[in-house]
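Trainee: sequence first, predicted model second:
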Number of protein chains: 2
Amino acid sequence: MAFAVTIDLVVFTIREDELCVLAVRRGVSPYCGRWALPGGFVQEEEGLLDAAQRELAEETGLEDLPVHLEQLATYGAPRRDPRLRVVSVAYLALAAELPEPAAGSDASEARWRPVADLSSPSRLAFDHDEILADGLERARGKLEYSPLATAFCADEFTVAELRHVYEVVWGIDVDPRNFHRKVTGSPGFLVPTGRRATRNGGRPAQLYRRGEAKLLNPPISR
Amino acid sequence: MAFAVTIDLVVFTIREDELCVLAVRRGVSPYCGRWALPGGFVQEEEGLLDAAQRELAEETGLEDLPVHLEQLATYGAPRRDPRLRVVSVAYLALAAELPEPAAGSDASEARWRPVADLSSPSRLAFDHDEILADGLERARGKLEYSPLATAFCADEFTVAELRHVYEVVWGIDVDPRNFHRKVTGSPGFLVPTGRRATRNGGRPAQLYRRGEAKLLNPPISR
DNA sequence: CCAATAGTGTCTTTCAGACACTATATA
DNA sequence: TATATAGTGTCTGAAAGACACTATTGG
């Protein structure tokens, strides 16, 4: 039995206080005209992660992206693609704010779409609603016990910017004082650069870079 | 580009104070004679989870197994199988103690092997060392914040038996008093049946069944 | 000066971890 | 009786959450 194997990407970023996902409008059948997650076929001599990185570079138009990329899950229901039997390996990517993407070969349009606009009966193509929901849940959960939130920030960032990531992804308010104490007290999470920045008036904030820590203990609870 | 798609199973159980994994000795090339994880090809009209359930039933010889089964990860390095391009979707299964398994069609032998015996340079076939390691890490992590440990227990079990699961999987001692307070105080985790049992002498213990809770909050920390 | 944001200190409650103690079975 | 295991109570230290307070900028 022969299968086609594809990669689908759930790429999140934060733009203007909203969690956004990279979406493409399909220009070919099936689901022509419908919004979908970006993706494509795995090539003959290509590993799965390699394929995900290639697709990500193609869709965003950028090389050497400073993004987090991890495998999410694999979807292979017999008729998820009406043309042929396709098994799709989904990857989750988190990126700092990027420029508006360019449309790829088989997409008539590519855009950052607020995740809130794609909920419920928004009906992405194929089973992409399910993949998006799984990606969102993974991202939300991982913020708790990993330093993943820094993947949404630029190379240098303030504690307030990092806190903003949590607030947008979780959709709740976080106490600035307790958050500050927690993240600056978590060893290896943040490294002060010595520089300071004034972003929105008020006292200038210390700038930080991601630290070496791979796990947050204790976690930050939702 | 055509791929073969397979399922590989990481099936854990606890036997005689040891965490064991279901392993088969390969009877055909490649890796003939070597130990491997059980698995097989996904059929034409079969979903991935369906295939995993079918393989699990075939390998253990039992239907309607009361086991936990979840997708683990997907492995697709270009030359992980020397014969052809294979993408394998691995599933993690956790089961209460089961009888010694029967060998399948392409395996000369099937056995429960202690995980400790398969560490380091044990060299399972293909990339199965990596899959096993990923499965072990997933199982260990999930015990912390989910009621998954009950999947290793029979339908009715004592707090001591549940504690034993944590001790064997994590390889550490757990304080019986604090553990008892914690799990019985976690709402929806355990449901007392009213029955009692004497397993090893001493005061008989209350018997419990799994509750409805899908998440443990706060988690039990390693 | 005031407004706004950054960052610290302090109090209360909750919970993990250590462990003494009581309860109920078998030999 | 002794012994083994089940289950409860209590103390201590760490950390979460609430929030008063100080610090440093711009207007």
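Mentor: The structure has been received and is ready for your questions.
Trainee: what about A:Tyr31, neighbour count?
Mentor: Look at A:Tyr31: counted by other C-beta atoms under 10 Å in any protein chain shown, it has 17 neighbours. C-beta: built from backbone N, CA, C; applies to glycine.
Trainee: which helix or strand contains it?
Mentor: Taking DSSP states H and E as the criterion, A:Tyr31 maps to no regular element, lying outside all helices and strands.
Trainee: please name the residues that touch it.
Mentor: Taking C-beta atoms under 8 Å, 6 or more residues apart in numbering or on different chains as the definition of contact, the neighbours of A:Tyr31 are A:125-126.
Trainee: same question, A:Leu19
Mentor: When the contact criterion is C-beta under 8 Å, 6+ apart, the partners of A:Leu19 are A:12-13, A:114-116, A:168-169.
Trainee: among those, which two are most distant?
Mentor: Taking C-beta to C-beta, the two most distant members of the contacts of A:Leu19 are A:Thr13 and A:Ala116; they sit 14.2 Å apart.
Trainee: neighbour-wise, which of those two wins?
Mentor: A:Thr13 (20 against 11).
Trainee: buried residues in the helix or strand hosting that one?
Mentor: Secondary structure assignment for A:Thr13, by DSSP H and E: strand A:4-15. Of the residues in strand A:4-15, those buried by neighbour count under the rule 16 or more other C-beta atoms under 10 Å in any protein chain shown are A:4-14.
Trainee: taking these together, which two end up most distant?
Mentor: Within the buried residues of strand A:4-15, two members stand farthest from each other by C-beta to C-beta: A:Ala4 and A:Ile14, at 33.4 Å.
Trainee: tell me which other helices or strands the one helix or strand in chain A whose mean pLDDT sits lowest touches.
Mentor: The least trusted helix or strand in chain A, going by mean pLDDT, DSSP states H and E, turns out to be strand A:107-114, with a mean of 86. Packing contacts for strand A:107-114, counted by 3 or more C-beta pairs under 8 Å, 6 or more residues apart in numbering or on different chains; DSSP states H and E, involve strand A:18-26.
Trainee: next secondary structure after the strand it packs on?
Mentor: strand A:35-36.
Trainee: average pLDDT for the helix or strand following that next one?
Mentor: Where DSSP H and E defines the elements, the next helix or strand beyond strand A:35-36 is strand A:39-41. Strand A:39-41 carries an average pLDDT of 96.
Trainee: whether strand A:39-41 contacts chain B - can you check?
Mentor: Yes. Legend: contact between strand A:39-41 and chain B by C-beta under 8 Å from any C-beta of the partner chain is shown at A:Phe41.
Trainee: which is the next helix or strand following that strand?
Mentor: Later in the chain than strand A:39-41, the nearest helix or strand by DSSP H and E is helix A:48-60.
Trainee: for the helix or strand following that next one, buried residues please.
Mentor: In the C-terminal direction, the helix or strand that comes right after helix A:48-60 (DSSP H and E) is strand A:68-75. Of the residues in strand A:68-75, those scored as buried under the neighbour-count criterion (16+ other C-beta under 10 Å) are A:68-69, A:71-75.
Trainee: now these as TSV including distance to DNA strand C and pLDDT?
Mentor: Written out in TSV, the entries for those read as follows (distance: C-beta to the nearest atom of the strand, whole Å; pLDDT from 0 to 100):
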residue	distance to DNA strand C	pLDDT
A:His68	24	94
A:Leu69	29	96
A:Gln71	31	98
A:Leu72	29	98
A:Ala73	29	98
A:Thr74	34	98
A:Tyr75	35	98
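Trainee: one step back: now narrow the buried residues of strand A:4-15 to whatever sits close to DNA strand C.
Mentor: With C-beta under 7 Å from any atom of the strand as the criterion, no member of the buried residues of strand A:4-15 is in contact with DNA strand C.
Trainee: how about the residues of chain A by DNA strand D?
Mentor: If contact is defined as C-beta under 7 Å from any atom of the strand, the residues of chain A in contact with DNA strand D are A:175, A:177-178, A:182, A:196, A:198, A:201-204, A:218, A:221.
Trainee: what's the most distant pair in those residues?
Mentor: Of all pairs drawn from those, the one with the longest distance (C-beta to C-beta) is A:Gly201 and A:Pro218, at 33.0 Å.
Trainee: these two: which is more packed in?
Mentor: Set side by side, A:Gly201 and A:Pro218 show more neighbours around A:Pro218, with 12 against 6, by other C-beta under 10 Å.
Trainee: quick revisit: restricted to helices, list the residues of chain A next to DNA strand D.
Mentor: Among those, the members falling in helices are A:177-178, A:182 (criterion: DSSP state H).
Trainee: tell me how far stretch A:163-180 lies from the chain's centre.
Mentor: Using C-alpha atoms, centre = their mean, to the nearest Å, we find the averaged C-alpha position of stretch A:163-180 to lie 18 Å away from the chain's own average C-alpha position.
Trainee: is it positioned near chain B?
Mentor: No. Shown here: stretch A:163-180 not in contact with chain B (C-beta under 8 Å from any C-beta), separated by at least 15.4 Å.
Trainee: what helices and strands are in contact with the biggest helix by length in chain A?
Mentor: With residue count as the measure and DSSP H as the assignment, chain A has helix A:128-145 as its longest helix. The helices and strands touching helix A:128-145, judged by 3+ C-beta pairs under 8 Å, 6+ apart, are strand A:4-15, strand A:68-75, strand A:86-94, helix A:159-170.
Trainee: just give me how far the least confident helix or strand of chain A sits from the chain centre.
Mentor: For strand A:107-114, the gap between its own C-alpha mean and the chain's C-alpha mean amounts to 15 Å (C-alpha atoms, centre = their mean).
Trainee: can you show me the CA trace of it as CSV?
Mentor: Coordinates of each C-alpha in strand A:107-114 appear next as CSV, following Å, rounded to 0.1, in the frame of the first residue of the first chain:
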residue,chain,number,x,y,z
ALA,A,107,-1.9,29.3,-2.8
SER,A,108,-3.6,32.4,-4.1
GLU,A,109,-3.0,34.3,-0.9
ALA,A,110,-1.1,33.9,2.4
ARG,A,111,-1.8,35.9,5.5
TRP,A,112,-1.5,36.0,9.3
ARG,A,113,-5.0,35.3,10.6
PRO,A,114,-6.1,35.9,14.2
